[in-house]
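[1] Turn this into a structure:
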Amino acid sequence: MLDAKTASSAEAWAEEEFGHADLGDPRRTRRLTCMAAQAVLCPSGKVSEVFQVDAHRQGAYDFLESRHIDAGAILEAIGLASARRCAKEMFVFVAIDGTSLTLTDHNRNKDFGAVGTHGRGTRGLKVVCGLAVDAQGVPCGLTSMQWWAREQKQKE
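    Alright, predicted model coming up:
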């Protein structure tokens with residue numbers, strides 16, 4: 001069973017990280033902070049495993065699929081929260097890393113590109129992010145994130 005102190009700490013972190021996100025409606029920002037707090041308390045790779053209550057799960061799916069949600073605004077909120085933490089430090093180092101995110105697209109109708117070698121047919125996105133760490137190596141947060149789909153290789 002989860003104790004109240006842990007839940008309160010997760011909510012405080014989510015509010016610090018996302019509470020100032022400009023998503024066009026305060027209810028969207030509140031949904032984002034609630035989703036983030038729940039993901040901290042129950043981390044998983046699937047929405048259906050993070051959100052055990054049916055209404056919360058449906059709310060998360062609605063949020064993630066909404067055309068009103070701007071990923072850039074969420075990233076801006078994360079970057080601002082990270083910058084606020086970095087401002088307290090005398091020195092920060094920003095590590096840059098890239099990866100491939102493999103995503104399921106059986107019908108090939110999503111805007112994904114090839115990841116890995118073209119011959120394998122794996123689809124997804126390329127991702128590069130910056131992670132700020134303090135002089136002791138403690139993460140301060142994400143500074144930026146870029147993602148894109150590789151263009152399909154032209155057949156000759």
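
[2] And the helices in this structure, which stretches?
    Ranges of helices in the chain, per DSSP state H, are 4-18, 26-41, 47-50, 54-65, 71-86.

[3] ok, and for the third one, which residues are buried?
    If you call a residue buried by 16 or more other Cβ atoms under 10 Å, then helix 47-50 has these buried ones: 47, 50. C-beta coordinates here come from the backbone N, C-alpha and C atoms, glycine included.

[4] do the second one as well
    Going by neighbour count (16+ other Cβ under 10 Å), the buried part of helix 26-41 is 28-29, 31-40.

[5] for that helix, what is the average pLDDT?
    In this model, helix 26-41 has a mean pLDDT of 96.

[6] Can you tell me what sits against that helix?
    2, 6-7, 10-11, 13-15, 17-23, 50-51, 56, 59-60, 63, 66, 68-69, 74 (Cβ atoms under 8 Å, 6 or more residues apart in numbering).

[7] Just checking: what are the partner strands of the helix or strand bottoming out on mean pLDDT in the chain?
    Ranked by mean pLDDT, DSSP states H and E, the weakest helix or strand in the chain is strand 113-114, scoring a mean of 83. Paired with strand 113-114 in the same sheet, following DSSP bridges, are strand 123-134 (antiparallel).

[8] Can you pull out the residues in contact with the strand it pairs with?
    Contact with strand 123-134 is made by 82, 85-86, 89, 91-103, 105, 108, 110, 112-115, 139-150, as judged by Cβ under 8 Å, 6+ apart.

[9] Could you do stretch 10-23 as well?
    So stretch 10-23 is contacted by 29, 32-34, 36-38, 40-41, 68-70, 73-74, 76-78, 80-81, 141 (Cβ under 8 Å, 6+ apart).

[10] Just the CA atoms of stretch 97-116, as CSV, please.
    The C-alpha trace of stretch 97-116 is given here as CSV (Å, rounded to 0.1, in the frame of the first residue of the first chain):
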residue,chain,number,x,y,z
ASP,A,97,22.2,11.4,-26.2
GLY,A,98,20.3,9.9,-29.1
THR,A,99,18.3,6.8,-29.5
SER,A,100,15.7,5.1,-31.6
LEU,A,101,12.2,4.6,-30.3
THR,A,102,10.6,1.5,-31.9
LEU,A,103,6.8,1.9,-32.2
THR,A,104,4.2,-0.5,-33.4
ASP,A,105,2.7,0.4,-36.8
HIS,A,106,1.4,-2.8,-38.4
ASN,A,107,-0.7,-1.0,-41.0
ARG,A,108,2.1,1.5,-41.8
ASN,A,109,-0.3,4.4,-41.6
LYS,A,110,1.4,6.4,-38.8
ASP,A,111,4.0,9.0,-39.5
PHE,A,112,6.9,6.8,-38.4
GLY,A,113,10.1,6.1,-40.3
ALA,A,114,12.7,3.4,-40.3
VAL,A,115,14.8,2.7,-37.3
GLY,A,116,17.8,0.4,-37.4
